[in-house]
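Asks: Any chance you could fold what I've pasted below:
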Amino acid sequence: MKKTFLLRVPDKEDVRVVEAIKVTVAKYVKRERRKTLPDGVDFWDFRCKVGLDSQTAAGTHLTGVPKAIDAVALAGGDEVYVEVLACPEHRAKKPPYQREES
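Replies: The predicted model follows:
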């Protein structure tokens, strides 16, 4: 999902608009996680960017997207660019425990 959302909508409170953007992003993530994983893949990872526009968008973790949207809204922006891309990933295996000998 690569989308620019308006933060200032006539006849709507700004707080409600920001919350609606967060709900839209959460719905997208939930929908992407339901998709069937390709063979040999463990989970869906998400590459996220949030900013005033696509050129100035900063990368963030999925859990930081709502805070980043709030930060853009508090900075007084009229719109926010949100990019959330699903990527199939493999879990990193922990190395086996090796006991140190004294």
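Asks: and the residue nearest to L52 when sequence neighbours are not counted, what pLDDT?
Replies: Leaving out its chain neighbours, the residue that sits closest to L52 by CB to CB, 6 or more residues apart in numbering is G77, at 5.1 Å. C-beta here means a position set from N, CA and C on the backbone, and glycine is covered the same way. Listed pLDDT for G77 reads 90.
Asks: which residue sits closest to L37, ignoring its sequence neighbours?
Replies: The shortest distance from L37 to any residue that is not its chain neighbour, by CB to CB, 6+ apart, is 6.3 Å, and that residue is P88.
Asks: which residues of this structure score low on pLDDT?
Replies: Of all residues in the chain, those with pLDDT under 70 make up the ranges 102.
Asks: what's the helix or strand for V50?
Replies: Taking DSSP states H and E as the criterion, the element that holds V50 is strand 43-51.
Asks: CA atoms only for that strand - export them in CSV, please.
Replies: Provided in CSV are the C-alpha atoms of strand 43-51 (Å, rounded to 0.1, in the frame of the first residue of the first chain):
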residue,chain,number,x,y,z
PHE,A,43,6.0,-15.1,8.0
TRP,A,44,5.0,-11.8,6.4
ASP,A,45,7.3,-8.9,7.3
PHE,A,46,6.3,-5.3,6.5
ARG,A,47,8.5,-2.5,5.1
CYS,A,48,7.1,0.7,6.3
LYS,A,49,7.7,4.4,5.5
VAL,A,50,5.7,7.4,6.8
GLY,A,51,6.3,11.1,6.0
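Asks: and it, what other elements does it pack with?
Replies: Counting by 3 or more CB pairs under 8 Å, 6 or more residues apart in numbering; DSSP states H and E, the packing neighbours recorded for strand 43-51 are helix 14-33, strand 58-60, helix 65-74, strand 79-89.
Asks: just to revisit the earlier point, tell me, how many residues neighbour the residue nearest to L52?
Replies: With neighbours defined by other CB atoms under 10 Å, the count for G77 comes to 17.
Asks: Ignoring the adjacent residues along the chain, who's closest to A86?
Replies: When the adjacent residues along the chain are set aside, A86 lies closest to E32, with 4.2 Å between them (CB to CB, 6+ apart).
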